[in-house]
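K.L.:
structure for this input, please:
(one chain, ligands or ions: 1)
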Amino acid sequence: MNPFAYARPGSVDEALRLGSQPGARYVAGGTNLLDLVKAGVETPRLLVDVSRLPLAEVTALPDGGLRLGAMVSNTDAANHARVRERYPLLAQALLSGASGQLRNMATVGGNLLQRTRCHYFYDLGFPACNKRKPGSGCGARDGINRIHAILGASEHCIAVHPSDMCVALAALEAVIVVRTTAGERRIPIGDFHRLPGDTPQCDTMLAPGELIVAIDLPPSPYAAHAHYLKVRDRSSFAFALVSVAAALELDGNRVRSARLALGGVAHKPWRVPAAERALAGRPLSAHSAADAARLLLDGAQPYAHNAFKIGLAQRAVALALQVASRQTGAQA
Ligand code: SF4
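P.N.:
The predicted structure is shown next:
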């Protein structure tokens, strides 16, 4: 492991000053970053520990939404009464991720920055990984790619984003609040994560030194009818092969509006507005769900070992919508 310096700033301003130094990385729960440092995948010169900053509050917003401070743990976010009551989709997604111990340590700010679980990325024994070493190639394209992307990939990287929380945030149209030395900026979740293109080493739109301070959830009409469905190899502890965040605003059996996001299929949570429009104004049925699934997966391109994800995602969308339509409130 490379040597690095460690600092624990006492304020956001001090964190920003330290975090803007070359080679600095913010660390909070450390549940992903420290594994990467130990493996030699990440080699920071300075770890800026932001875990003690006063960013661990859940507060009501004037518009009726909710703000999650970036240092709120995944456990506290999932179990917060207002999250469970008003955003059960988010609570379900958080509780489906990792283990209890990891959820206690992990923060919602750090969850946004989880790196892919591609095996070739984590193992320095594989020389080809454009995300770890730009220009080295992609070991997964012609390797074992069962867990990899079927949508939005590029010839340079076919990795998927691993977070469950972010899939729910995409469906809920959350906004990421970021501080820089120049002030604050707000990034819609749909613009926060990137597709790999020819720069797969960049997972998000964050600039060096920028610090996530909060996640804002807008008021939601989807509390009564929402379901997060995660399909994985083992139920105890595994990343999603495919996941679906489904949220419905119903008028009887007729869908007034819908939100759908897929996880486990792309380098970012995958939303297709046309799929949501295909559900609106119609009774929810097997037919309308199949239409939505088809639009969500339009253009899917499987690799040697992951063609199963297309049919799996279609079936998961149909089931998630069916379960969401039956929900009547907080289910987490
Ligand atoms: Fe690296 Fe991406 Fe290829 Fe995995 S899929 S080996 S992360 S470039």
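
K.L.:
contacts for stretch 283-290 next, please.
P.N.:
Here stretch 283-290 makes contact (CB atoms under 8 Å, 6 or more residues apart in numbering) with 248, 250, 253-255, 278-279, 282, 314, 317-318, 321-322, 325. The C-beta positions use only the backbone N, C-alpha and C, and glycine is treated the same way.

K.L.:
and the closest residue to Gly152 other than its chain neighbours, how many neighbours?
P.N.:
What sits nearest to Gly152 in space, not counting adjacent residues and going by CB to CB, 6 or more residues apart in numbering, is Ala266, at 4.1 Å. Residues within reach of Ala266, counting by other CB atoms under 10 Å, total 23.

K.L.:
need the contact list for Ala266.
P.N.:
Contacts of Ala266 (CB under 8 Å, 6+ apart): Ala149, Ile150, Leu151, Gly152, Ala153, Val160, His161, Leu195.

K.L.:
out of those, who's the most crowded?
P.N.:
Ala149 leads those on contacts (other CB under 10 Å) with 30 neighbours.

K.L.:
SS state for it?
P.N.:
coil (DSSP: H, G, I helix; E, B strand; the rest coil).

K.L.:
is it in contact with His156, as I believe?
P.N.:
No: Ala149 sits out of contact with His156 when judged by CB atoms under 8 Å, with a separation of 11.8 Å.

K.L.:
and after whichever helix or strand Val255 is part of, which helix or strand comes next?
P.N.:
In the assignment (DSSP states H and E), Val255 maps to strand 254-263. Downstream of strand 254-263, the first helix or strand assigned by DSSP H and E is helix 273-279.

K.L.:
with adjacent residues omitted, what lies nearest to Arg271?
P.N.:
Ala261 (4.9 Å).

K.L.:
separation between the one you found and the ligand?
P.N.:
21 Å (CB to the nearest ligand atom, to the nearest Å).

K.L.:
same check, this time on Asp13
P.N.:
35 Å.

K.L.:
what's the answer for Tyr303, then?
P.N.:
For Tyr303 relative to the ligand (CB to the nearest ligand atom), the value is 10 Å.

K.L.:
OK, contacts around that residue?
P.N.:
Ala140, Arg141, Asn145, His148, Ile150, Ile158.

K.L.:
can you tell me the SS state at the nearest residue to Met1 once chain neighbours are set aside?
P.N.:
Distance criterion CB to CB, 6+ apart; nearest residue to Met1, sequence neighbours excluded, is Lys38 at 5.8 Å. Assigned by three-state DSSP, the conformation of Lys38 is helix.

K.L.:
can you offset everything so residue one is 18?
P.N.:
Right, with 18 as the first residue, what we last looked at is Lys55.

K.L.:
and Lys55, how many neighbours does it have?
P.N.:
Lys55, neighbours per other CB under 10 Å, totals 10.

K.L.:
thinking again about what came up before, just the pLDDT for the residue nearest to Gly169.
P.N.:
Confidence at Ala283, expressed as pLDDT, is 98.

K.L.:
same check, this time on Asn270
P.N.:
88.

K.L.:
so who does it touch?
P.N.:
Pro300, Leu301, Ser342.
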